[in-house]
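Asks: quick check, what structure comes out for this input:
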Amino acid sequence: MAIRIAQVYPHADIPLPHTRLYDALAIVNYEIGRRLARRHEVVTYPKWVPGEKEVERDEGVTYRRIPEGIDRALNGLKYLDAARLLNPGRPFRLSPLYFAHYAHEVARDIRDRGCDLVHLHTVSSFVGPIRRANPHARIVLHMHDHSLSDFDPALIGPRLKETALILGCSRFVVEAIRRLHPAIAARCHELYNGVDDRFLEVTSDPAASRTVLFVGRLCPEKGVHVLLSAMSEVTRQFPRASLSLIGPLDLSPKDYVDPHGRDPIFNRLNRYYGNPAAYYDLIARQVGALDGRAFLHGKIANAEICPHYARAGIFVFPSLWHEPFGIPVIEAMAAGLPVVATRGGALPEVVVDGETGILVERGDSEGLAAAIAKLLADPHLRQRMGAAGRKRVRQLFTWDRSVARLEELYGTARESLAPDPPADAQHVA
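Replies: Numbering: from 1, shown residues only. From the prediction side, this is the model:
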């Protein structure tokens, strides 16, 4: 049965045509939305960017873009976190003021469209305003980060009670939520991200290539400096090896990566979060030291990235962060590349150590170098692991499979009783 679905995420820029997509969650919104639209009515709410239409329809999806103006001013309050003026268990991004204008506009538009189900990505503070304006809609909260388990359960818990379904992009994310909020554990499910079929159609030959590839933001938490350090040893052993780095120089705030300062691996990186230019200088020096065997390709649209996977022999994802998922990893696996990744977060769910790639400890430059060297020394191993990775993606990590599973889970949300409307339920003017 067709239902009316609203997909909500304030940070997504989804320009049309979709060939200009860059951000991972914009890709998630786009790929889920266009597949759901084959059977349902779908409206997606990206942010408005100058030059784009405020309302646009493509592949069956209505895009209703929300201007950021008022929220840009309000969101300046995030600096209260850096100044430590707010409770660290309740950062500004969990506050009702975070993207408050966006939440108000979207809640009203969802009401006017009569949506049956609201698929809300990551921003749990929107549950309240959307629920008050739409007391009969089912709310699905889809988490792509750690915030439900990182922060004050007394703040998060009431929001979760108002949702019909809580999704996490990995078992790692979901299990952390279940541990902290056992009362709603039965409503929590993992929903893996996927790749489009075009990645599975990439013609790669990892046995013939000595190119090591990284795709992602160039920042401390992704471990790019650790990879460059490892490559200085790798290129001594394999002078014909090279490294391609694809992605923007883009540092997240430290409180997004390690909000409570509990992970010692980030202690020695504090100076880079306080001075991003220092990290960019470090990367530039490390690239220069590799004497023409490392290349900074910059930001490349997702639609144009397949040729880079096709030319590579090994994909490396050296994240220091406990990754909630890691979409570039499954893109590389779909393209038939063996993967070297770190043993943290959801990455062990994605990469099968010894079968589709090699896992090393976070921050271990020597271990990373040894894993890359092992693959460079054995073309047949690269080929075998790459083929196994492609098979694993076909089985677990395609968008068609993910959306089919999502529709099953929507069915449980529709059949469940909606929670009683809050006492202050009212129309949004």
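
Asks: CA atoms for contacts and neighbours, from now on please.
Replies: Will do.

Asks: where does the stretch 51-200 of the chain dip in pLDDT?
Replies: 81-83 (pLDDT under 70).

Asks: quick one: the strands in it?
Replies: Assigned strands in the stretch 51-200 of the chain, in chain order: 55-58, 61-64, 117-121, 138-143, 165-168, 188-190 (criterion: DSSP state E, counting those that start in this stretch).

Asks: ends of stretch 200-213, how far apart?
Replies: One end of stretch 200-213 sits 17 Å from the other (Cα to Cα, to the nearest Å).

Asks: oh, and call the first residue 19 from now on, that's how I've got it
Replies: Taking 19 as the first residue, the last one we looked at is stretch 218-231.

Asks: so how far is it from its chain's centroid?
Replies: 24 Å (Cα atoms, centre = their mean, to the nearest Å).

Asks: surely Tyr48 meets Ile32?
Replies: Yes: judged on Cα atoms under 8 Å, Tyr48 makes contact with Ile32 at a distance of 7.2 Å.

Asks: more neighbours: which of those two?
Replies: Ile32 (26 against 22; other Cα atoms under 10 Å).

Asks: how far away is that one from Asn320?
Replies: Ile32 is 12 Å from Asn320, by Cα to Cα.

Asks: name the residues contacting each of the two.
Replies: Counting by Cα atoms under 8 Å, 6 or more residues apart in numbering, the shared contacts of Ile32 and Asn320 are Arg38, Leu39.

Asks: the closest residue to Ala328 other than its chain neighbours: what secondary structure?
Replies: Leaving aside its sequence neighbours, Ala328 sits nearest to Ser222 (Cα to Cα, 6 or more residues apart in numbering; 4.3 Å). Classification of Ser222 using DSSP: H, G, I helix; E, B strand; the rest coil returns coil.

Asks: any chance of the strands of the stretch 69-218 of the chain in a markdown table, with distance to Leu39 too?
Replies: Compiled in a markdown table, these are given as follows (distance: least, Cα to Cα, whole Å):
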| stretch | distance to Leu39 |
| --- | --- |
| strand 73-76 | 14 |
| strand 79-82 | 14 |
| strand 135-139 | 17 |
| strand 156-161 | 20 |
| strand 183-186 | 22 |
| strand 206-208 | 25 |
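
Asks: neighbours of the residue nearest to Ala328, how many?
Replies: 21.

Asks: you'd agree it is up against Tyr327?
Replies: Yes: here Ser222 reaches Tyr327: they are 7.1 Å apart, a contact under Cα under 8 Å.

Asks: distance from stretch 39-58 to the middle of the chain?
Replies: Counting by Cα atoms, centre = their mean, stretch 39-58 is centred 13 Å from the centre of its parent chain.

Asks: can you pull the domain assignment for the protein?
Replies: Domain assignment for the chain by automatic domain parsing gives 22-212+416-433, 216-414.

Asks: returning to what we had before: using a markdown table, lay out the strands of the stretch 69-218 of the chain together with mean neighbour count and distance to Tyr428.
Replies: Output for the strands of the stretch 69-218 of the chain, formatted as a markdown table (neighbours: other Cα atoms under 10 Å; distance: least, Cα to Cα, whole Å):
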| stretch | mean neighbour count | distance to Tyr428 |
| --- | --- | --- |
| strand 73-76 | 13 | 23 |
| strand 79-82 | 21 | 18 |
| strand 135-139 | 23 | 8 |
| strand 156-161 | 25 | 8 |
| strand 183-186 | 26 | 8 |
| strand 206-208 | 21 | 11 |
